[in-house]
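1. I would like to see how this sequence folds:
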Amino acid sequence: MDALECIHTRRSVRKFTEEPVSREHIMEILDAGRWAPSGQNNQPWRFVIVSSDGSREGLSGLTKYGNIIKSAPVSIAVFIDRDSMYNDTKDHQSIGACLQNMLLAAHAVGLGAVWLGEILKSAEKVRQLLGLDDNLELMAVLAVGHPASSKHVSQRMELDELLIKDV
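-> Below is the predicted model of the structure:
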């Protein structure tokens, strides 16, 4: 799949089959994330793979979208390492690029994924559940798995509605 096709066909997937996700695919997703751009190449992202039943159950209790985490064979918690940051805005932007790379990689290998942000309200509890240091701040959780359906529809505004000016 070429890059533009991947961008145009990727959709948020919230329902998964019980089929396990291979370690190889998880590592490919993480590898895509680490290749995102970051200011001064500081690479402030850190990852936790959440795949055990107990960890997924604990994580699912910290968000109103817990059913998505429970149904996904694996979730990836993405953190920013505050000790490696140099500029709040740029470093947070790079985390967004990292997450997008990971979503595209999941799609490219035939998996589905969704970016869960509501769980940020429980960021401290997530950090504690996973036994992490204070310097790590939760940015998102990606639920990843084999899509239960191939029918994912999404709408986008027309480009002329978004283009403010062409100067």
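
2. A36: neighbouring residues, count only.
-> 18 (other Cβ atoms under 10 Å). From N, CA and C alone the C-beta is placed, and that goes for glycine too.

3. so what's it scoring on pLDDT?
-> On pLDDT, A36 comes in at 98.

4. Does it touch C98 like I think?
-> Yes. Using Cβ atoms under 8 Å, A36 is in contact with C98, at 4.0 Å.

5. which residues are in contact with both of the two?
-> Contact criterion Cβ atoms under 8 Å, 6 or more residues apart in numbering; residues shared by A36 and C98: W45.

6. which residue is nearest the centroid of the chain?
-> L142 (3.5 Å; Cα atoms, centre = their mean).

7. Please confirm that it is located within a strand.
-> Yes. L142 sits within a strand when classified using DSSP: H, G, I helix; E, B strand; the rest coil.

8. Send me stretch 4-15 as CSV with only the CA atoms.
-> Provided in CSV are the C-alpha atoms of stretch 4-15 (Å, rounded to 0.1, in the frame of the first residue of the first chain):
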residue,chain,number,x,y,z
LEU,A,4,-1.3,8.3,0.2
GLU,A,5,-3.6,5.2,-0.1
CYS,A,6,-2.7,4.4,3.5
ILE,A,7,-3.6,7.9,4.7
HIS,A,8,-6.8,8.0,2.7
THR,A,9,-8.1,4.6,3.7
ARG,A,10,-7.1,4.5,7.4
ARG,A,11,-10.1,4.6,9.8
SER,A,12,-10.5,4.4,13.6
VAL,A,13,-11.3,0.8,14.5
ARG,A,14,-13.1,0.2,17.8
LYS,A,15,-14.2,-3.4,17.5
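
9. Show me which residues of it are buried.
-> 10-11, 13-15 (16 or more other Cβ atoms under 10 Å).

10. What ranges does the chain have for its strands?
-> 45-50, 74-81, 112-116, 136-145 (DSSP state E).
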